[in-house]
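1. test case, fold it:
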Amino acid sequence: MSGTLYIVATPIGNLEDLTPRAARIFGEVDFIAAEDTRVTLKLLNHLGIKKPLVSYYEHNLKERGEYILGRIAAGENCALCSDAGMPAISDPGEVIVRDAHERGIPVCPVPAASAAVTALCVSGQITGRFVFEGFLPTNRRQKKDRLAQLQSEPRTMIFYEAPHKLTTTLQDFLDTFGPERSMTVCRELTKIHEEIRVTTVGQAEAFYRENPPRGEFVLVVAGAPELPAREMTLEDAVELAKSLMAEGQSATAAAKAAAAQSPFSKSEIYKQCVQ
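-> Okay, the predicted model is just below:
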């Protein structure tokens with residue numbers, strides 16, 4: 001009988017955020033698959049737990065994934081964790097989760113903090129609709145292409161960024177979104193030097209150009225403002241009516257339908273259509 005793959009959230013900074021359930025699962029499973037065994041070992045030492053650790057990261061996915069899933073299929077239980085936050089979110093763990101489902105292995109979430117949602121809830125930006133972009137591509141051309149696709153994105157956008165890339169990314173934001181776009185810079189969330197700065201793209205770029213960034217960042221950028229709807233002109237209404245006529249409607253019916261969607265009367269539109 002197959003074991004279970006547990007997807008276990010670990011603290012994004014403050015160890016007090018580890019849930020009792022996560023601690024229990026770490027103590028009960030047969031082994032733990034970790035992004036960095038050194039980081040996870042510190043957490044286990046804090047909990048007073050000793051468990052076999054298997055490294056699972058970007059450059060050994062295929063080999064270690066087969067090994068881990070093979071052990072679970074044989075009946076062992078495994079806890080998968082990343083260095084911080086929810087595994088499999090902008091993280092190599094997504095591969096092993098997908099492969100586990102394909103093999104019919106039970107996958108069980110043990111949730112807690114996620115840096116993206118943690119930053120969003122304290123950002124002061126609109127939270128009802130958002131898009132998570134994670135880390136932008138490292139290739140300059142691909143990065144610019146991705147940002148170009150997001151230029152008119154109306155939803156709040158969430159990005160992860162490392163300190164040594166922050167100033168370049170903020171300059172790219174400046175070029176893409178403009179200096180007045182609202183954003184929130186979240187640094188070292190839940191840690192001693194936590195900082196939440198509600199600002200604009202232009203102000204953030206200027207600040208970090210003069211103050212070298214330190215720590216891990218989550219950037220929450222406001223979506224593009226909605227443009228006011230353009231009022232339909234008589235020419236627009238006539239074009240609509242003519243397109244309906246091309247589909248087989250009579251001039252009278254087409255003019256009536258176009259009038260219902262515009263500020264113009266049926267007779268005005270009909271007159272233009274039959275000239």
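2. ok, residues contacting stretch 252-264?
-> Around stretch 252-264, the neighbours that count as contacts under C-beta atoms under 8 Å, 6 or more residues apart in numbering are 231-232, 234, 236-238, 240-242, 244-245, 249, 265-270, 273. From N, CA and C alone the C-beta is placed, and that goes for glycine too.
3. can we see that at 10 Å?
-> 231-234, 236-250, 265-274 (C-beta atoms under 10 Å, 6 or more residues apart in numbering).
4. give me the buried subset of those.
-> 237-238, 240-242, 244-245, 249, 266, 268-270, 272-273 (16 or more other C-beta atoms under 10 Å).
5. in TSV: those residues, plus secondary structure and distance to L147.
-> Shown next, in TSV, are the buried ones among the contacts of stretch 252-264 (DSSP: H, G, I helix; E, B strand; the rest coil; distance: C-beta to C-beta, whole Å):
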residue	secondary structure	distance to L147
A237	helix	37
V238	helix	39
L240	helix	35
A241	helix	40
K242	helix	39
L244	helix	40
M245	helix	43
Q249	coil	44
K266	helix	46
E268	helix	45
I269	helix	42
Y270	helix	47
Q272	helix	43
C273	helix	44
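6. would you turn those residues into a markdown table with pLDDT and distance to D30?
-> Shown next, in a markdown table, are the buried ones among the contacts of stretch 252-264 (pLDDT from 0 to 100; distance: C-beta to C-beta, whole Å):
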| residue | pLDDT | distance to D30 |
| --- | --- | --- |
| A237 | 86 | 70 |
| V238 | 88 | 73 |
| L240 | 87 | 66 |
| A241 | 86 | 71 |
| K242 | 86 | 71 |
| L244 | 81 | 67 |
| M245 | 82 | 72 |
| Q249 | 82 | 70 |
| K266 | 88 | 76 |
| E268 | 88 | 78 |
| I269 | 88 | 74 |
| Y270 | 87 | 78 |
| Q272 | 85 | 77 |
| C273 | 87 | 76 |
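7. between those residues, which sits nearest E35?
-> Distance ranking of these against E35, using C-beta to C-beta, places L240 first at 56.0 Å.
8. surely that closest one touches E247?
-> No. At 11.1 Å, L240 does not count as touching E247 under the criterion of C-beta atoms under 10 Å.
9. quick check, pLDDT for A229.
-> Listed pLDDT for A229 reads 59.
10. walk me through the domains of the chain.
-> Following automatic domain parsing, the chain resolves into domains at 5-113, 116-221, 234-273.
11. and the average pLDDT for the longest one is what?
-> Going back to what we said before, that points to domain 5-113. Mean predicted confidence for domain 5-113 is 93.
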